[in-house]
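1. fold the stuff below for me.
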Amino acid sequence: SIPPSETATATVTFTNTPKPSITPYPTNTSTPTLTPTATFTPTPALFVLEGTPLPELARPISVLNAQYVSGLAQWKVPAVTDLAFSPDGLILAISDNEKIYLYNVYTRKLIRTLHPDKSGIVDIEFSPDGLWLVSGSRQCSEETGYRSALELWYGSDYTPLGLLYGSLQGLSSMTFSPSGERLFVANASPVYHESFIDFWDTDGWVQTGLVETGTGFGIGVSVDGSLLASTPNRYAIRVWDLEDSIWLYTIYTSFTGAVNKITFSPTQLNLAAGQYDGGIRIWEMESGELIQAMDSDGVIESLAYTPDGRLLASGNSFENGHIRLWDVQTGEQLRELVGHENGVTSMAFSPDGYLLVSGSYDGVVRVWGIRP
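-> Sure thing, here's the model as predicted:
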């Protein structure tokens, strides 16, 4: 680990030029889009008032009981740019533009506030073992140029270790490998060859690899740690073999189906992609085959799988802030959750699956679950 008084020095090792590979295209043999099932039962009012702890909940959220999911509680922060549960589920971290707030989600009590050196926080991630919390920030714009930074906190007391590194690209997304041995960071630039994914070894925080991607927006790592998916532009998903260090293939989407969000299943080699036209597509990643297609009524801003991988939550952008729960096997819409008045920027299921937490542009954080 890095002593608190020191800042990690990145030693960059460039990967070889990726080998070309065959690019599969979506076929017309995929599962047809299903018409969402109307939800006739309105979302009930919140279950507990401010300052009231949540009671012991009935059961985890699942495909079998998704129709009964309702609002449990809410509170407000200045804004929500990202949120994440600690691996043990005891802490919910929420970031706004300048700070990270650590909450007990059951009582909604603020445990601690972290103060990164750099503003413009766009992503926060816990390592799988819970020892590290990483924040990624981005300042300025495409017109004026970008500056980005990674910052670290270590241990159960979240000792600040300061700035890991800074770059002149625009940090857009980051994710840990399932083992926690590596952190992948996507950096975007208007210049193609200046857009890349950094590979960081978390044992010493040394940069061990870099691969050019094109303008990167989102990344994800498969549950077995073998595949890295990235969106090099809004109209494609590229798949990288982490073991052989080659690009495997590219999935192309249509102009109207521009990708806005991707997330891997926690149990299978499947990737869900949320689109600007409201479409949600699920791809089997070993073959690149489209296996499921669902359609919503607005830009998909956020996605989250339940821990068992059988249910997917999608959050709309600015149109209405609605959340929908989907059976990923059948494509059926199981529930529509109404409550957010602005776009849902981020969502996460608790590690035990009992809670879904969502955050909005306006700073409202809502907790959803099955009432006792």
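2. for the nearest residue to residue 234 once chain neighbours are set aside, give me the pLDDT.
-> Nearest-residue entry for residue 234: residue 258, 3.7 Å, with adjacent residues in sequence omitted and distances by Cβ to Cβ, 6 or more residues apart in numbering. The way it works is simple: take the backbone N, C-alpha and C, and place the C-beta from them, glycine included. Per-residue pLDDT puts residue 258 at 90.
3. mind listing what the spatially most central residue of the chain touches?
-> Closest to where the C-alpha atoms of the chain average out (Cα atoms, centre = their mean) is residue 263, at 6.3 Å. By Cβ atoms under 8 Å, 6 or more residues apart in numbering, the contact list for residue 263 reads 220, 271, 272, 303, 304, 305.
4. can you tell me how far the first one is from residue 54?
-> I take that to be residue 220. Applying Cβ to Cβ, to the nearest Å, the value for residue 220 to residue 54 is 30 Å.
5. neighbour count winner among those two?
-> residue 220 (22 against 19; other Cβ atoms under 10 Å).
6. from what I see, the more buried one and residue 175 are in contact.
-> Yes. Using Cβ atoms under 8 Å, residue 220 is in contact with residue 175, at 5.9 Å.
7. run through the stretch 151-300 of the chain and note the low-pLDDT ranges.
-> 168, 190-193, 214-216 (pLDDT under 70).
8. any chance you could map the strands in it?
-> Remark: strands assigned in the stretch 151-300 of the chain by DSSP state E, counting those that start in this stretch are 159-167, 170-176, 182-188, 196-201, 206-212, 219-221, 227-233, 236-241, 246-252, 259-264, 270-275, 279-284, 289-295, 300-305.
9. in CSV, list the ones you listed along with distance to residue 112.
-> Listed next are those as CSV, based on distance: least, Cβ to Cβ, whole Å:
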stretch, distance to residue 112
strand 159-167, 11
strand 170-176, 21
strand 182-188, 22
strand 196-201, 25
strand 206-212, 29
strand 219-221, 28
strand 227-233, 32
strand 236-241, 36
strand 246-252, 41
strand 259-264, 27
strand 270-275, 32
strand 279-284, 35
strand 289-295, 39
strand 300-305, 24
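10. closest to residue 128 out of those strands?
-> Proximity to residue 128 (Cβ to Cβ) singles out strand 170-176 among these, at 6.0 Å.
11. just want the angle from the closest one to strand 227-233.
-> 160 degrees (axes from the mean of the first three to the mean of the last three Cα atoms, to 10 degrees).
12. parallel or antiparallel, list what pairs with strand 170-176.
-> strand 182-188 (antiparallel) (DSSP bridges).
13. distance from the chain centre to the strand it pairs with, please.
-> 13 Å (Cα atoms, centre = their mean, to the nearest Å).
14. could you shift the numbering so residue one becomes 216, and keep it that way?
-> With the count now opening at 216, the last piece we talked about shows up as strand 397-403.
15. who's in contact with that strand?
-> With Cβ under 8 Å, 6+ apart as the criterion, strand 397-403 contacts 340, 342, 349, 351, 361, 363, 365, 382, 384-392, 410-417, 423, 428, 430-434, 436, 443, 445.
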